[in-house]
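Engineer: Predicted model and sequence below, questions to follow.
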Amino acid sequence: MTYILGLNAYHGDSSACLVKDGALVAAAEEERFRRIKHWAGFPSEAIRYCLAEAGIRLADVDAVAINQDAGANLWKKVAYMVMRRPDLSLVLDRIRNKRERVGVAEELARVFPGESLRAGLSVTISRRT
């Protein structure tokens, strides 16, 4: 039995899903629990929901996948930077966002105190077609 926890975190419409042996067990958007439309951040309550639906604990998760594709629309991002020269605060916000994604294991440990995370973290590149 293999459980994969999928996370869409740190930007609008944060969510979590849980897949067991390739079949979707549960999925939820964080805004349903926080009551804030398009909530951005770490989807802790959505994760709790998914784990509860499956009747498992964080320690039972075999892998955690986080959607991210830093190279997506790279040339559009570069063109934006050159043409518009955004405020330094926007650039710093993007850097902070990237750093937050790296700290997902620490965030899971904070949200689920006393539970161990044996799963490996991987970045899954999500491409839109």
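Structural biologist: Thanks, I have the structure now. Being a predicted model, the structure only gives us computed values, none of them experimental.

Engineer: and stretch 78-85, what's its mean pLDDT?
Structural biologist: The pLDDT scores in stretch 78-85 average 76.

Engineer: quick one: that stretch to chain centroid distance?
Structural biologist: On the basis of CA atoms, centre = their mean, to the nearest Å, stretch 78-85 sits 27 Å off its chain's mean C-alpha point.

Engineer: send the alpha carbons of that stretch over as CSV?
Structural biologist: These are the backbone C-alpha positions of stretch 78-85, laid out as CSV (Å, rounded to 0.1, in the frame of the first residue of the first chain):
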residue,chain,number,x,y,z
VAL,A,78,12.2,37.6,-17.6
ALA,A,79,10.4,40.0,-20.0
TYR,A,80,8.2,41.3,-17.2
MET,A,81,11.3,42.0,-15.1
VAL,A,82,13.0,43.8,-17.9
MET,A,83,10.0,45.8,-19.2
ARG,A,84,8.3,46.7,-15.9
ARG,A,85,11.1,46.7,-13.4
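
Engineer: Contact partners for Gly6?
Structural biologist: With contacts defined as CB atoms under 8 Å, 6 or more residues apart in numbering, Gly6 is in contact with 16-19, 64-67, 124. C-betas here are computed from N, CA, C, even on glycine.

Engineer: Can you select the buried ones among these for me in ChimeraX?
Structural biologist: This is how ChimeraX selects the buried members of the contacts of Gly6, with burial counted by 16 or more other CB atoms under 10 Å:
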select :16,17,18,19,64,65,66
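
Engineer: Make a markdown table from the contacts of Gly6 and add pLDDT and secondary structure to it.
Structural biologist: Rendered in a markdown table, the data for those read as follows (pLDDT from 0 to 100; DSSP: H, G, I helix; E, B strand; the rest coil):
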| residue | pLDDT | secondary structure |
| --- | --- | --- |
| Ala16 | 96 | strand |
| Cys17 | 97 | strand |
| Leu18 | 97 | strand |
| Val19 | 97 | strand |
| Val64 | 89 | strand |
| Ala65 | 87 | strand |
| Ile66 | 84 | strand |
| Asn67 | 78 | strand |
| Thr124 | 47 | strand |
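
Engineer: No further queries at this time; thank you.
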